[in-house]
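Trainee: Please work out how this folds:
(2 chains)
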There are 2 protein chains.
Amino acid sequence: MTAEGEFDLIARLAPFLTGSGEGLVIGAGDDAAVIRVGDRDVCLAVDVLVDGVHFRRDLSSFADVGWKAVAVNCSDIAAMGATPTAAVVGLCRPDDLPAADVEALYAGMDEACRRYGLRLVGGDTVRAAALALSVTVLGDVDPDRAVRRSGARPGDRIVVVGTLGAAAAALAQAVRGAEPDRDLLAAHRRPEALVEAGGALAAAGATAMIDVSDGFGADLAHICDASGVGATVDADALPAAAGVAGAASALGRDPLDFVVAGGDDYALVATLPAGVADTTAAAVGGVVVGEITAGSGPVLVAADGTTTDLTGRGWDHYRAGDRT
Amino acid sequence: MTAEGEFDLIARLAPFLTGSGEGLVIGAGDDAAVIRVGDRDVCLAVDVLVDGVHFRRDLSSFADVGWKAVAVNCSDIAAMGATPTAAVVGLCRPDDLPAADVEALYAGMDEACRRYGLRLVGGDTVRAAALALSVTVLGDVDPDRAVRRSGARPGDRIVVVGTLGAAAAALAQAVRGAEPDRDLLAAHRRPEALVEAGGALAAAGATAMIDVSDGFGADLAHICDASGVGATVDADALPAAAGVAGAASALGRDPLDFVVAGGDDYALVATLPAGVADTTAAAVGGVVVGEITAGSGPVLVAADGTTTDLTGRGWDHYRAGDRT
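Mentor: Here you go, the predicted model:
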């Protein structure tokens, strides 16, 4: 384990990633980068899944892993308000991984590609000590219409689409040696990318958007940091996944550990002008959970009025030991 | 080691990759896939470099590895006649790899991006047991102008730009425990992508093109397979890198082992109509090495007239044990 967290490393690498100029619409630091190609904007997202770090073979089939490698990238594309179009995969294959398992990985990627309307157009499979999939997904969006993290303004409402906490609760059950609840585990194995909702939120005028991978608190903090704003969130309004409360109770944990800090949810968090937030949330099956403020960073407000700083409750997989 | 070679696996995965239809210009199986984006064509190439498989830390610095991860993808883009525009990286980072080494990897990628005029726009760094870099590079090309492997016609001349054998000879020296020749090792550590030559060959009417990664024989065989043609190659005309003959002699090896079957060269092999081949070769610093025939697969013709089937002399890194 390194002494530094992921965000420190990102800061060290920023000088190599923050180029700007002709053709670059949005650089590194958002859910996806955006480049101008002719008369279109192209989003690029990359996510790597590693055996034993991001998945466990006793919890996920190879087809599940393939699905997830595509879906989590489609979620990044959705968070830009874009439409996934094409994917390529770099696959690190251990010598002892049978070809049938590689086929299952590809079959799962293919399933997700069909689900989200994109194509797997290429790949490089190489020999390696550990199984890992690095998937890059491209997305298409109208020029200058990609939704950044940086546009949230005080008074905007915070809308969440999807549910929170299921994947983290399932993993906590597994780490404890329990049989994970089937529905909770499904969220870990086969997350859904909310591509249609992302497009609808963008069309409705979302000022900022992110998908929940690190955890709701950490990801809302990313919006706050990028936008230079604060946020208040109504704890009771957060859309906890069904079964999370029960799982938390059985584990002796606070359900908010999973809902706010769990991560791996692939819900969408968007900020919208107050005038359109309620109708938009209803139209996309989401809920309004709070409001952007002139402060700094997100604060969770419980029913009794007590507040909790959400910054730092996020889940940093360089520090956390229980991701899998 | 699996019982199958890389090409067998590719065949098993083909059903998941050979989609066609709106928006897909060239699917998997060429140096890069090509999709239509608005009024442009976008090429996508992905290559993975794995510690101990594709590089050795005693032969390459981390900056070298970063350079190479970008350059080999730019070489794929060059082989389509396209221009690299953007890259993303999925980085598998072992816990014991210091942040300074990750920075060096990024610095090397940055150097190559500056050299070839593209931008590193995003990345995902994850914890993993083994160091690996999966780099995806996008390229830009005029619509329907990307050069495939499948357009070679009998009578076309075969042009090689760049030199052959250096990287493989350096590795053979290292495997034998010798100090690799500095210039040979440089070809392994910092290959050059022939982006300008690729563009010039495309503009001159190249009917097919590929970059030499598997080995000249195997890669020319890919053109022959895709085009349904044969080829005769003049062994004496092949542009062996300086020092390869001497290294081969000292190792007791046939220089053609490195020149024809070594791989990792990132030379370009293009086929051109006979009428333009000589002038084009001269203009891009290349040489004419042979001719496309109505046969099947490439044949090497020695000065004394003896012929060798080049098919199968290629270097399949699932079978070969001495890549690093």
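Trainee: domains for chain A, by residue range?
Mentor: A:6-141, A:157-309 (automatic domain parsing).
Trainee: Checking the closest residue to chain B within the stretch 151-300 of chain A next. Helix, strand or coil?
Mentor: Using Cβ to the nearest Cβ, the single residue of the stretch 151-300 of chain A nearest to chain B is A:Ser213, 10.3 Å away. The way it works is simple: take the backbone N, C-alpha and C, and place the C-beta from them, glycine included. The local conformation at A:Ser213, judged by DSSP: H, G, I helix; E, B strand; the rest coil, is coil.
Trainee: my guess is it contacts A:Tyr266, does it?
Mentor: Yes - using Cβ atoms under 8 Å, A:Ser213 makes contact with A:Tyr266 at a distance of 6.8 Å.
Trainee: Overlap of the contact sets of the two?
Mentor: A:72, A:75 (Cβ atoms under 8 Å, 6 or more residues apart in numbering or on different chains).
Trainee: any idea of the pLDDT on the residue lying closest to the residue of the stretch 151-300 of chain A closest to chain B once chain neighbours are set aside?
Mentor: Leaving aside its sequence neighbours, A:Ser213 sits nearest to A:Gly263 (Cβ to Cβ, 6 or more residues apart in numbering or on different chains; 6.0 Å). We have a pLDDT of 93 for A:Gly263.
Trainee: Could you count how many residues lie near A:Gly263?
Mentor: 26 (other Cβ atoms under 10 Å in any protein chain shown).
Trainee: Comparing the domains of chain A, which yields the minimum mean pLDDT?
Mentor: Across the domains of chain A, the lowest-scoring stretch is domain A:6-141, with a mean of 93.
Trainee: contacting residues around the residue nearest the centre of chain A?
Mentor: For chain A, A:Ser213 is the residue whose C-alpha lies nearest the centre (Cα atoms, centre = their mean; 3.1 Å). For A:Ser213, the contact set (Cβ under 8 Å, 6+ apart) comprises A:72, A:75, A:219, A:263-266.
Trainee: Could you do A:Gly246 as well?
Mentor: With Cβ under 8 Å, 6+ apart, A:Gly246 has these contacts: A:Asp181.
Trainee: any idea how far the nearest residue to A:Asp254 once chain neighbours are set aside is from A:Leu256?
Mentor: Closest residue to A:Asp254 apart from its sequence neighbours, by Cβ to Cβ, 6+ apart: A:Ala248 at 6.4 Å. To A:Leu256, A:Ala248 is 8 Å away according to Cβ to Cβ, to the nearest Å.
Trainee: before we move on, what about A:Asp58?
Mentor: 28 Å.
Trainee: out of these two, which sits in the more crowded spot?
Mentor: For the pair A:Asp58 and A:Leu256, the greater number of neighbours falls to A:Leu256 (23 against 7), based on other Cβ under 10 Å.
Trainee: for the more buried one, phi and psi?
Mentor: Torsion angles at A:Leu256 (phi, psi; degrees, to the nearest 10) stand at phi -70, psi -20.
Trainee: For the closest residue to it other than its chain neighbours, which residues are in contact?
Mentor: Spatially, and ignoring its direct neighbours in sequence, A:Leu256 is nearest to A:Ala235 (6.8 Å; Cβ to Cβ, 6+ apart). By Cβ under 8 Å, 6+ apart, the residues touching A:Ala235 are A:256, A:300-303.
Trainee: Now A:Thr125: closest residue in space that isn't a chain neighbour?
Mentor: In space, A:Thr125 is closest to A:Leu91, 4.5 Å off (Cβ to Cβ, 6+ apart).
Trainee: pretty sure the one you found contacts A:Leu133?
Mentor: Yes - counting by Cβ under 8 Å, A:Leu91 does reach A:Leu133; the two are 5.6 Å apart.
Trainee: follow-up on the earlier one: quick one, phi psi at the residue nearest to A:Ser213?
Mentor: Main-chain dihedrals, A:Gly263, degrees, to the nearest 10: phi 90, psi 180.
Trainee: returning to that earlier point: now the contacts of A:Ser213: which count as buried?
Mentor: By neighbour count, with 16 or more other Cβ atoms under 10 Å in any protein chain shown, the contacts of A:Ser213 hold A:72, A:75, A:219, A:263-266 as buried.
Trainee: Which members of these occur in helices, if any?
Mentor: Residues of the buried ones among the contacts of A:Ser213 located in helices (DSSP state H): A:72, A:75, A:219.
Trainee: name the element the nearest residue to the first one once chain neighbours are set aside belongs to?
Mentor: For A:Val72, ignoring the flanking residues on the chain, the nearest one in space by Cβ to Cβ, 6+ apart is A:Asp47 at 4.9 Å. Secondary structure assignment for A:Asp47, by DSSP states H and E: strand A:40-50.
Trainee: and that strand, what does it pack onto?
Mentor: strand A:33-37, helix A:62-78, strand A:132-141, strand B:83-93, strand B:119-127, strand B:132-141 (3 or more Cβ pairs under 8 Å, 6 or more residues apart in numbering or on different chains; DSSP states H and E).
Trainee: end-to-end on stretch A:148-158?
Mentor: 15 Å (Cα to Cα, to the nearest Å).
Trainee: any residues touching that stretch, and which ones?
Mentor: A:26, A:29-31, A:207-210, A:220, A:222-224, A:226-227, A:229-231, A:233, A:269-274, A:277-278, A:281, A:288-294.
Trainee: From the chain's centroid, how far away is it?
Mentor: 18 Å (Cα atoms, centre = their mean, to the nearest Å).
Trainee: got it, and stretch A:253-273?
Mentor: 10 Å.
Trainee: do stretch A:102-115 as well
Mentor: 20 Å.
Trainee: mind listing what's buried in that stretch?
Mentor: Neighbour-count burial for stretch A:102-115 [16+ other Cβ under 10 Å]: A:102-113, A:115.
Trainee: In helices, which of those residues fall?
Mentor: A:102-113, A:115.
Trainee: Of these, which ones also sit close to chain B?
Mentor: Counting by Cβ under 8 Å from any Cβ of the partner chain, A:102-103, A:106-107, A:109-110 from those sit close to chain B.
Trainee: out of everything not next to it in sequence, what's closest to A:Asp183?
Mentor: A:Gly243 (5.6 Å).
Trainee: Please apply the same query to A:Gly215.
Mentor: The nearest residue in space to A:Gly215 (Cβ to Cβ, 6+ apart) is A:Gly263, at 4.0 Å.
Trainee: I figured that neighbour hits A:Pro191, correct?
Mentor: No - using Cβ under 8 Å, A:Gly263 makes no contact with A:Pro191, being 11.0 Å away.
Trainee: Mind listing the shared neighbours of these two?
Mentor: A:Ala167.
Trainee: Tell me where the stretch 151-300 of chain A has strands.
Mentor: A:157-161, A:208-211, A:230-234, A:268-272, A:286-293, A:297-301 (DSSP state E, counting those that start in this stretch).
Trainee: Quick one: work out the angle between the fourth one and strand A:157-161.
Mentor: In this case it means strand A:268-272. Taking axes from the mean of the first three to the mean of the last three Cα atoms, to 10 degrees, one finds strand A:268-272 and strand A:157-161 inclined to each other by 150 degrees.
Trainee: so strand A:268-272 versus helix A:62-78, what angle?
Mentor: Going by the same axes, to 10 degrees, strand A:268-272 makes 10 degrees with helix A:62-78.
Trainee: Return the residues of the stretch 51-200 of chain A in contact with chain B.
Mentor: A:52-54, A:85-86, A:88-92, A:95, A:97-99, A:102-103, A:106-107, A:109-110, A:119-130, A:132, A:134-136, A:138, A:140.
Trainee: Pull out the buried residues from the residues you listed.
Mentor: Buried subset of those (neighbour count, 16+ other Cβ under 10 Å): A:53-54, A:85-86, A:88-92, A:97, A:102-103, A:106-107, A:109-110, A:119-130, A:132, A:134-136, A:138, A:140.
Trainee: my guess is A:Gly66 contacts A:Val102, does it?
Mentor: No - using Cβ under 8 Å, A:Gly66 makes no contact with A:Val102, being 9.5 Å away.
Trainee: does the residue nearest to A:Asp183 really touch A:Ala169, like I thought?
Mentor: Yes - between A:Gly243 and A:Ala169 there is a contact under Cβ under 8 Å: 7.1 Å.
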